[in-house]
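Participant: this one's structure only:
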Ligand code: DNO
Ligand code: MN
C-alpha cells in the first residue's frame, strides 16, 4: 500500500506541503489542475509548476484526481470527439511528469453530493452528511432555486458558471437512460484506454457518490455487478477502478471486501474511509475507525493486505476536528489520524504475517 494525500494546490488548500510532509508514510500528492474546466487540454506549464512544488518536498505525483470528463462525452454528443482528443493530450502530458494513475468519474452533472457539509456530531466535530429524503423530494428543475436559497446544499468541485447552466444540463439529460450512459462510457474508454496503455497509465474510475440515481439522473458505477460489467467494457489493466469504500459503503448492500477479492488486480487506487448509514438511508461521514461507522475498515484493509495490494491509497474525506477551518472533508487532522489508523491495521497484519520490517541501524 503506497500512501498518498490529496492536495488541492498552492493557494487552493488550507493544508500545506510542510504539514503533509510530517504525516507518517505519505509518499505522494494526489493532485489535479482544479482551475482548468472539464474538457480542456491541460497546459504543460501548469503541470510543470505542480511538479516543481512536489519536487521540493520529495513527493511523487503518480496519481491525478481527477481529469474530469466533459458532459458532452457522458451525453454522447457529436462534440464529444474534440473533448476526447483533449483528454488524450492531457494523458500524454501528465505522463511526462510520471503519472501512473488517473482517477475520474462518470457521474452525470454532479460529483459527490451532500445535504450538509458541517453536520455536528455528538463529540463536537462536524462532517459531511446526506439526508436521503431531502434529495429525493427535490424536483430537479426546482434545484437551481433551492441552491440559491440554501447555500448548505452545495456541489463540491463545481464551478459557479456550471451552476448557471443547470437547467439546460438537466434538459440535455432528459431521456438519457442507464444503457445510454453505458454506451457513452464504452465509447470513451475505447478511445482513451489505448492511449493510457501506451503511456503506462492506469485509468481508475471513481464510483458514484452516493451510489444511486439522484434527481432522476442515470448512475451506473454503483455496485459489484456494475463494476464487473465496467471492467469488461475494455479488458485491460489500464481500465481500472478507484475503489472508494465510503462512496460504495453508503449502500449497505455493497460488500466492499468481496469487491476487493474479485477485482484486486484492477484496483490501482484505493480511497479508504468510513460512513455511518442510518436506517432511513441517511449517512454521515465518520472517523476512519471501524467501530465509528458501518463500513468494515479493518476488514477492508485486511482484504487489501491479503490480496497483496501494492497500489496507491489515500484516506478519503475526514471530519472537521479541533476547530480546523478547511475545505469540507479535506482538513489535515482527521485525514492524518485516518492514515495512522490505516497504517496501524496494515502493520498489524504485516507483523502477524512476519513481514513487518524495522528500520536498520545505521
Ligand atoms: C468522494 C471523492 C470524489 C472524487 C471524484 C473523482 O469520495 O473521492 O469527489 O474525488 O469523484 O472523480
Ligand atoms: Mn472517494
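Facilitator: Okay, I see it. Being a predicted model, the structure only gives us computed values, none of them experimental. Ligands and ions are numbered 1, 2, ... in the order given.
Participant: tell me the strands in the stretch 251-362 of the chain, going along the chain?
Facilitator: Per DSSP state E, counting those that start in this stretch, the stretch 251-362 of the chain carries strands over the ranges 269-272, 275-277, 283-285, 312-315.
Participant: next one: the stretch 101-250 of the chain
Facilitator: Under the criterion DSSP E, counting those that start in this stretch, the stretch 101-250 of the chain contains strands at 101-105, 116-120, 126-130, 202-206, 239-244.
Participant: Next, the angle strand 116-120 makes with the third one.
Facilitator: For strand 126-130 and strand 116-120, the angle between their directions (axes from the mean of the first three to the mean of the last three Cα atoms, to 10 degrees) works out to 130 degrees.
Participant: okay, and for the stretch 101-250 of the chain, where does confidence drop off?
Facilitator: Low-confidence segments of the stretch 101-250 of the chain (pLDDT under 70): 140-164.
Participant: Try it again at 80.
Facilitator: Per-residue confidence for the stretch 101-250 of the chain (pLDDT under 80) gives these ranges: 137-165.
Participant: near ligand 1, which residues of it?
Facilitator: Contact residues of the stretch 101-250 of the chain with respect to ligand 1, defined by Cβ under 6 Å from any ligand atom, are listed as 103-105, 111-112, 206, 209, 244, 246-247. (C-beta placed from N, C-alpha, C; glycine too.)
Participant: Weed out the non-buried ones from those residues.
Facilitator: For those, a burial check counting by 16 or more other Cβ atoms under 10 Å picks out 103-105, 112, 206, 209, 244, 246-247.
Participant: For the residue nearest to residue 121 when sequence neighbours are not counted, grab the count of nearby residues.
Facilitator: Taking Cβ to Cβ, 6 or more residues apart in numbering as the measure, residue 121 lies nearest to residue 127, with 6.2 Å between them; neighbours along the chain are not counted. Other residues near residue 127 number 25, with proximity taken as other Cβ atoms under 10 Å.
Participant: For the stretch 151-300 of the chain, what lies in contact range of ligand 2?
Facilitator: Remark: the part of the stretch 151-300 of the chain in contact with ligand 2 comprises 244, 271, using Cβ under 5 Å from the ion.
Participant: how about the helices in the stretch 151-300 of the chain?
Facilitator: With DSSP state H, counting those that start in this stretch as the definition, the stretch 151-300 of the chain shows helices at residue ranges 160-164, 166-173, 178-198, 224-233, 245-249, 256-263, 297-306.
Participant: most packed of these?
Facilitator: Comparing the helices of the stretch 151-300 of the chain by mean neighbour count (mean count of other Cβ atoms under 10 Å), helix 245-249 comes out on top with a mean of 26.
Participant: okay, the strands of the stretch 251-362 of the chain in CSV with distance to residue 253 and mean pLDDT next?
Facilitator: Compiled in CSV, the strands of the stretch 251-362 of the chain are given as follows (distance: least, Cβ to Cβ, whole Å; pLDDT from 0 to 100):
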stretch, distance to residue 253, mean pLDDT
strand 269-272, 19, 98
strand 275-277, 10, 98
strand 283-285, 13, 97
strand 312-315, 24, 98
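Participant: Residue 218 reaches residue 183, doesn't it?
Facilitator: No. Applying Cβ atoms under 8 Å as the test, residue 218 and residue 183 come out as separate, 11.2 Å apart.
Participant: Residue 285 and ligand 1: what is the separation?
Facilitator: Distance of residue 285 to ligand 1, computed by Cβ to the nearest ligand atom, to the nearest Å: 9 Å.
Participant: Same question for residue 333.
Facilitator: In this structure, residue 333 and ligand 1 are 18 Å apart, going by Cβ to the nearest ligand atom.
Participant: quick one on the thing from earlier: residue 6: which of the strands of the stretch 251-362 of the chain is closest?
Facilitator: Comparing the strands of the stretch 251-362 of the chain against residue 6 with Cβ to Cβ, the closest turns out to be strand 312-315 (5.9 Å).
Participant: So what are the sheet partners of that closest one and their directions?
Facilitator: Strand 312-315 has these partner strands in its sheet, going by DSSP bridges: strand 2-6 (parallel), strand 269-272 (parallel).
Participant: Deepest in the core, which of these is it.
Facilitator: Relative to the other members of the strands paired with strand 312-315, strand 269-272 carries the highest mean neighbour count by mean count of other Cβ under 10 Å, namely a mean of 26.
Participant: picking up where we left off before, out of the strands paired with strand 312-315, which comes closest to ligand 1?
Facilitator: The closest approach between ligand 1 and any of these, judged by Cβ to the nearest ligand atom, belongs to strand 269-272 at 5.3 Å.
Participant: Looking at the buried ones among the residues of the stretch 101-250 of the chain next to ligand 1, which is nearest residue 74?
Facilitator: The nearest one, if we look at those relative to residue 74 and count by Cβ to Cβ, is residue 105, at 9.8 Å.
Participant: beta partners of that closest one?
Facilitator: Beta-bridge partners for residue 105, by DSSP bridges, are residue 206.
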